[in-house]
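Student: Just the structure for this:
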Amino acid sequence: MKRNFGYLLALLILSALTYYFVFREEAEVFDKAEANFTVKDTAAIQTIFLSNLKNENIKLSRSSGVWKLNDSMDPRLDAIQLLLAALNQQKPTQPVPVSAHNSVITDLSGNNTKVEIYNHKEKTHTFYVGLNPGPNNETYMLNENAKRPFLVKLPLQNTFVGVRYFTRINEWRNKKY
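Tutor: Modelled structure (predicted):
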């Protein structure tokens with residue numbers, strides 16, 4: 001009987017440790033204003049505006065559950081799903097190190113996509129996405145009015161997030177019609 005109690009106690013301890021390390025939500029380690037890149041409720045997004053310094057502008061708007069590209073064309077739904085998944089899952093991993101701050105800011109200022117997210121005409125997120133990969137395939141992102149850029153990635157994936165924020169209209173347009 002004592003042996004069974006020992007096994008039960010070991011099982012409970014292992015279960016508690018497994019829950020603690022695998023299933024618990026990690027607390028945010030950054031100030032929300034500085035690292036606000038994740039959109040928790042993508043179903044509430046009404047408009048996504050993407051622009052770059054080459055004067056390429058994309059407006060994706062949802063009305064009655066139907067997405068429109070620049071208010072007149074049908075967009076590729078797979079591209080919208082990839083973008084919404086990135087917005088929902090991307091997580092900042094750390095601020096850019098102080099030693100790399102100036103070079104990252106220089107890179108972001110010349111090679112970025114500006115992203116604006118609107119929920120019912122209220123702007124909820126504005127940030128800049130670097131188009132050059134950082135270390136370990138991470139993406140440089142900078143919130144509007146933030147002091148430091150962050151390294152951002154998709155959990156459990158080694159993919160560069162910046163490729164999901166493209167601004168060429170021919171890549172967004174549905175070519176089936």
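
Student: For this structure, which helix extends over the most residues?
Tutor: helix 2-18 (DSSP state H).

Student: Now do the buried residues in that helix.
Tutor: For helix 2-18, a neighbour-count test (16 or more other CB atoms under 10 Å) marks nothing as buried. C-betas here are computed from N, CA, C, even on glycine.

Student: any idea which helix or strand comes after it?
Tutor: Following helix 2-18 in sequence order, the next helix or strand is strand 47-52 (DSSP states H and E).

Student: Can you name every helix or strand that that next one contacts?
Tutor: strand 57-63, strand 112-119 (3 or more CB pairs under 8 Å, 6 or more residues apart in numbering; DSSP states H and E).

Student: hey, which helix or strand in the chain has the poorest pLDDT?
Tutor: helix 2-18 (a mean of 85; mean pLDDT, DSSP states H and E).

Student: CA-only coordinates of it in PDB, if you can.
Tutor: Extracted C-alpha coordinates of helix 2-18, given in PDB (Å, rounded to 0.1, in the frame of the first residue of the first chain):
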ATOM      1  CA  LYS A   2       2.800   2.400   0.800                       C
ATOM      2  CA  ARG A   3       4.500   1.700  -2.500                       C
ATOM      3  CA  ASN A   4       1.300   2.600  -4.400                       C
ATOM      4  CA  PHE A   5       1.100   5.800  -2.400                       C
ATOM      5  CA  GLY A   6       4.600   6.600  -3.500                       C
ATOM      6  CA  TYR A   7       3.800   6.000  -7.200                       C
ATOM      7  CA  LEU A   8       0.600   8.100  -6.900                       C
ATOM      8  CA  LEU A   9       2.600  10.900  -5.300                       C
ATOM      9  CA  ALA A  10       5.300  10.700  -8.000                       C
ATOM     10  CA  LEU A  11       2.500  10.800 -10.700                       C
ATOM     11  CA  LEU A  12       0.900  13.900  -9.200                       C
ATOM     12  CA  ILE A  13       4.200  15.700  -9.000                       C
ATOM     13  CA  LEU A  14       5.100  14.800 -12.600                       C
ATOM     14  CA  SER A  15       1.600  15.900 -13.700                       C
ATOM     15  CA  ALA A  16       1.900  19.300 -11.900                       C
ATOM     16  CA  LEU A  17       5.300  19.900 -13.400                       C
ATOM     17  CA  THR A  18       4.100  19.000 -16.900                       C
END
